[in-house]
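S.K.: Make a model of this:
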Amino acid sequence: MSSLEDLSEPTLVQAIENNLFELFTAARRWPQIEVHDDPDMLWTITNIPFPLFNSVFRARLQPRDVDAVIEATLRRYKARNVPVLWWTGPTTRPQNLGAYLEAHGLVNEEGDSPGMAVDLQALSESFDRPRELEVELVNDAESLRKWSEGATGYPSRV
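M.R.: Okay, the predicted model is just below:
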């Protein structure tokens, strides 16, 4: 983990997006998920009918290829009979990718998903948290099973 020295808005936006991408890249350790880190996008696919586990991120597509890439990508998810969540954000290319996705039948959820960042150096060590809050590292199969069942509502076969 590294810390940022530059806390400007563009740097924070990039860091927030990269953090999301890294979360799904780290999911490679989960046997039920395939993670594909292609040059033009990052995508995950499972046999679990839950969109979060079947997602497309970091799409940076050439305008001449957009329709073909969208069609090929959607075919993958349709073949598995799982829903897909296609994330767009400030670094998505082309910037109007959402319009292309809508033309291919995807629905744009209104509103932006907020990103969060905090200057860790400015946090007080006496930061209060609820007593019942437990933060644990998910580092074994049993922890991963519990996390995935809680996150999705689906039984896990981890």
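
S.K.: ok, and what's touching stretch 99-116?
M.R.: 12-13, 16-17, 66-67, 70-71, 74, 84, 86, 88, 94, 98 (CB atoms under 8 Å, 6 or more residues apart in numbering). Every C-beta, even on glycine, is put in place using the N, C-alpha and C of the backbone.

S.K.: Just the buried ones among these, please.
M.R.: Buried members of those, counted by 16 or more other CB atoms under 10 Å: 12, 16-17, 66, 70, 74, 84, 86, 88.

S.K.: Hmm, which of these is lowest in pLDDT?
M.R.: Across these, the smallest pLDDT goes to residue 16, namely 76.

S.K.: how near is the nearest residue to that one once chain neighbours are set aside to residue 106?
M.R.: Leaving aside its sequence neighbours, residue 16 sits nearest to residue 115 (CB to CB, 6 or more residues apart in numbering; 3.6 Å). Between residue 115 and residue 106 the computed distance is 21 Å (CB to CB, to the nearest Å).

S.K.: Residue 52 and residue 86 touch, don't they?
M.R.: No. Using CB atoms under 8 Å, residue 52 is not in contact with residue 86; the gap is 11.9 Å.

S.K.: Pull the number of nearby residues for residue 25.
M.R.: If you count neighbours by other CB atoms under 10 Å, residue 25 ends up with 15.

S.K.: where's the residue nearest to residue 16 relative to residue 37, distance?
M.R.: 21 Å.

S.K.: swap in residue 140?
M.R.: As judged by CB to CB, residue 140 and residue 37 stand 25 Å apart.

S.K.: ok, these two, which is more surrounded?
M.R.: Neighbours per residue (other CB under 10 Å) separate residue 140 from residue 37, with residue 37 holding more: 14 against 9.

S.K.: Find me the pLDDT at that one, would you?
M.R.: At residue 37, pLDDT is 89.

S.K.: Name whatever forms a beta bridge with it.
M.R.: Residue 37 has the following beta-bridge partners by DSSP bridges: residue 42.

S.K.: hang on, it packs against residue 25?
M.R.: Yes. Using CB under 8 Å, residue 37 is in contact with residue 25, at 6.4 Å.

S.K.: Just give me the neighbour total for the closest residue to residue 59 other than its chain neighbours.
M.R.: Once flanking residues are discounted, residue 59 sits nearest to residue 41: 4.3 Å by CB to CB, 6+ apart. Using other CB under 10 Å, the number of residues around residue 41 comes to 19.

S.K.: who touches residue 41 in this structure?
M.R.: So residue 41 contacts 56-61, 69, 73 (CB under 8 Å, 6+ apart).
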